[in-house]
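Visitor: test case, fold it:
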Amino acid sequence: MKSCFLLLLFFYWVLSHTQVFAQWRDGEHVELYLRTVGGVAEIQIYNKDTIYVKGRPKANFNRIWGTILVENEAIIDNDGGYMRLTGDWVNRNQRANPFAASVPPINQTRQGWLEFEWQDSNQHILGNRTVFNNLRITSTRRNETWVKQLRVDAVIDNQNRLDLTNRELKVDGQQMIIWNPNPNAVQFRNNNDPDIGFISTNTCDRGRLTWHTNARNFPNQTYTFPVGEFNLKRSAEPLNPLRQVSFKPAEPEANANERIYSVMVFAKDAVLECGYKEPNPDTVCQINSRYRGGNPPTYYHIVEDITAQTTPPRSIKEFRIYHNNDLKNYVWNGLFHYQEQGDGNIEWVNTRATLDRKYPPVDTLYAQLNSWSNFNRPAFIFGVFRPSEKILRPQEVFPDPLPDTTVIVNDKITFAAEDKDPPGLCYDWIAEDEATGRTITLASGKDLRVFQYEGFEFPGSYKIKYRVYVCEFPECNTTDERRVNVTPKRAIFIPDAFSPNGDGKNDVFEVWLYDVKNVEFTIFNRWGNKIYEVSRQFSDFPLNSGRPREAPRSQEFGRIIWDATTDSGNPVPEGVYVYKLKVVFNDGKEATRSGTITVIR
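Guide: Presented below is the predicted three-dimensional model:
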């Protein structure tokens, strides 16, 4: 086999007047060197043939043997075969794509593979930018921690694939560019291996996985960008490093075929290391940063719509950013976007993304936005938002709005907070008797934004103290308070004005009574003359299907109605009138009320 291989190389050297060096060391093929002299150096690989460029690193590690070096206008015509190397790829070629067809049409796509497979040292892609056909990074050793590194931008051609298997491709300040718009052009799982391949960087804001998507040719399909945290597998307690991003891209404009997106996760502290602003503590309790006590590893994501730099932004769908980590030490409940506000300030803003934990076989947290189009600034980060809900008025069932709420002893009352935050928060509802200082825990627990209570046994004024907080992070909370007045069952409700002008609003003066046996009600004009009088048993009162604004709907009230006329039926003029009320309750106790009522016409 060795002799056949050397003969093949010699044959190409004779035909093309080139130099093709195949060096051998310790019985192993260690370097393949293509360099033109008077023509074009060519290697042709077909029918699943394999060229295996293998070697060992020198003792001083200045150079990795097993390297492929192409110069001038060399061509590797690999259509269905394999080139496997254990060293570096060095492209000093004048051709944009050394992996080209050597026969017409010379721009046709080839389907051969170049594999990086060494396990005892890092491997590099060096020299000029290379347009690869199919590129695979792999290893013969399962738990190998060496990485494959880009030292220059690299491209996967428009009908080819990048297969990360279960290895790490480190790009640092470079770009791994995918011209192939097929959503399956990037592979990052090795069958059912839980150790998943990914692309990483060890910089701030530099290095990208850039993909030319096409939602017109691949409608309603999801693109997954397998980015991950550099060096996480080499930590004291290795964790799953994958922090992938996925979405369904926007359809390109009518005169375009693609939209280009760039994605990366940066294993850096966004605030302390990369210069991003601290979040506003009034809205953010914690972000994935050590600056406020966060535990490493820390990281943030970049998601850019490159096309939006020259065309109007368009919405992506089912936008997900994954956490993919051991969740026991994390309490993230929000995804924040670094964006410019109307006043020109830049803030970390809660995207209101939905967070979920579904992604077997690894326990995974991800944030999902059904639609997103704000790519003016590309940074996203996980964190804990401060709840923003304030307590609504304590209310009776089907209430009318009141600044303070009045209920009768043991009547039902509904407590509710604003529906601004997603579910999953914890709530404490406490009532404090303002006269005695005694406190009552009305409710405490998760998802108690709305609940009913009917346990006020004693009359009085109660201050309702409310706290909503992140269940796993109680110091991240918001508080508020309201007041509830609890009256005994003997109840009288008297308004102080009405407007009998026929507009259907407050046209009559209504006195509402509860638990009353007898009543005497008299109205006088400003000269003390009696103009209206009622003296009846409670059973004689008309019952209304409604109720006074202050009265609980759950009780039945009798009412006295005055329509601003005298006993003889004549309308009274606009002005102030005096009323006197005497009631006898069902338990025999008496009560009197007096005051003024204003007639407004």
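Visitor: which residue lies nearest the spatial centre of the protein?
Guide: Taking Cα atoms, centre = their mean as the criterion, residue 353 is the residue nearest the geometric centre of the chain, at 3.2 Å.
Visitor: ok, residue 385 - contacts?
Guide: Residue 385 makes contact with 283, 284, 285, 333, 334, 336, 350, 421, 476, according to Cβ atoms under 8 Å, 6 or more residues apart in numbering. To be clear about C-beta, it is placed using only N, CA and C from the backbone, and glycine gets the same treatment.
Visitor: that older thread, hmm, the residue nearest to the centre of the chain is touching residue 370, no?
Guide: No. Contact between residue 353 and residue 370 fails when scored by Cβ atoms under 8 Å: they sit 9.1 Å apart.
Visitor: quick check: which element contains residue 502?
Guide: Mapping residue 502 onto the secondary structure by DSSP states H and E places it in no helix or strand at all.
Visitor: run a quick neighbour tally on it.
Guide: 8 (other Cβ atoms under 10 Å).
Visitor: dump the residue contacts of it.
Guide: With contacts taken as Cβ under 8 Å, 6+ apart, residue 502 has no neighbouring residues.
Visitor: ok, and what's touching stretch 520-532?
Guide: By Cβ under 8 Å, 6+ apart, stretch 520-532 touches 511, 533-535, 560, 562, 565-567, 572, 575-583, 597.
Visitor: and the end-to-end length of that stretch?
Guide: End-to-end distance for stretch 520-532, by Cα to Cα, to the nearest Å: 11 Å.
Visitor: mind listing the strands whatever helix or strand residue 463 lives in pairs with, and their directions?
Guide: In this assignment (DSSP H and E), residue 463 forms part of strand 460-470. Strand pairing for strand 460-470, using DSSP bridges, gives strand 426-433 (antiparallel), strand 473-487 (antiparallel).
Visitor: mean confidence score for the longest one?
Guide: To tie it back to what came earlier, the one meant is strand 473-487. For strand 473-487, the per-residue pLDDT values average out at 86.
Visitor: how distant is it from the center of its chain?
Guide: Mean-position distance between strand 473-487 and its chain equals 28 Å (Cα atoms, centre = their mean, to the nearest Å).
Visitor: what residues of it count as buried?
Guide: Burial within strand 473-487, assessed by neighbour count using 16 or more other Cβ atoms under 10 Å, is assigned to 473, 476, 477, 478, 482, 483, 484, 485, 486, 487.
Visitor: for the first one, same thing?
Guide: Applying a neighbour-count criterion of 16+ other Cβ under 10 Å, one finds 426, 427, 428, 429, 430, 431, 432, 433 buried in strand 426-433.
Visitor: just flag the most distant two among these.
Guide: The largest separation in those, counting by Cβ to Cβ, is between 426 and 433 at 24.4 Å.
Visitor: pull up the pairing partners for the helix or strand containing residue 247, direction included.
Guide: For residue 247, the host element (DSSP H and E) is strand 245-248. Strand partners for strand 245-248, identified by DSSP bridges, are recorded as strand 223-225 (antiparallel), strand 316-322 (antiparallel).
Visitor: now do the buried residues in the last one.
Guide: Within strand 316-322, the residues that qualify as buried are 316, 319, 320, 321, 322, counting by 16+ other Cβ under 10 Å.
Visitor: my read: the first one touches residue 247, true?
Guide: To tie it back to what came earlier, the one meant is residue 316. Yes. With contacts counted by Cβ under 8 Å, residue 316 reaches residue 247, the gap being 4.3 Å.
Visitor: which neighbours do these two have in common?
Guide: A shared contact of residue 316 and residue 247, defined by Cβ under 8 Å, 6+ apart, is any residue touching both; here these are residue 372.
Visitor: returning to that earlier point: flag the least confident of the contacts of residue 385.
Guide: Between these, the one the model trusts least by pLDDT is residue 421, at 82.
Visitor: just to revisit the earlier point, quick one: least confident of the buried residues of strand 426-433?
Guide: Among the buried residues of strand 426-433, residue 433 has the lowest pLDDT, at 88.
Visitor: enumerate every residue touching the nearest residue to that residue once chain neighbours are set aside.
Guide: Once its chain neighbours are removed from consideration, residue 433 has its nearest residue in residue 460; the separation is 5.4 Å (Cβ to Cβ, 6 or more residues apart in numbering). The contact partners of residue 460, by Cβ under 8 Å, 6+ apart, come to 433, 434, 435, 436, 485, 486.
Visitor: report the set of residues contacting both of residue 353 and residue 370.
Guide: Common neighbours of residue 353 and residue 370, using Cβ under 8 Å, 6+ apart, do not exist here.
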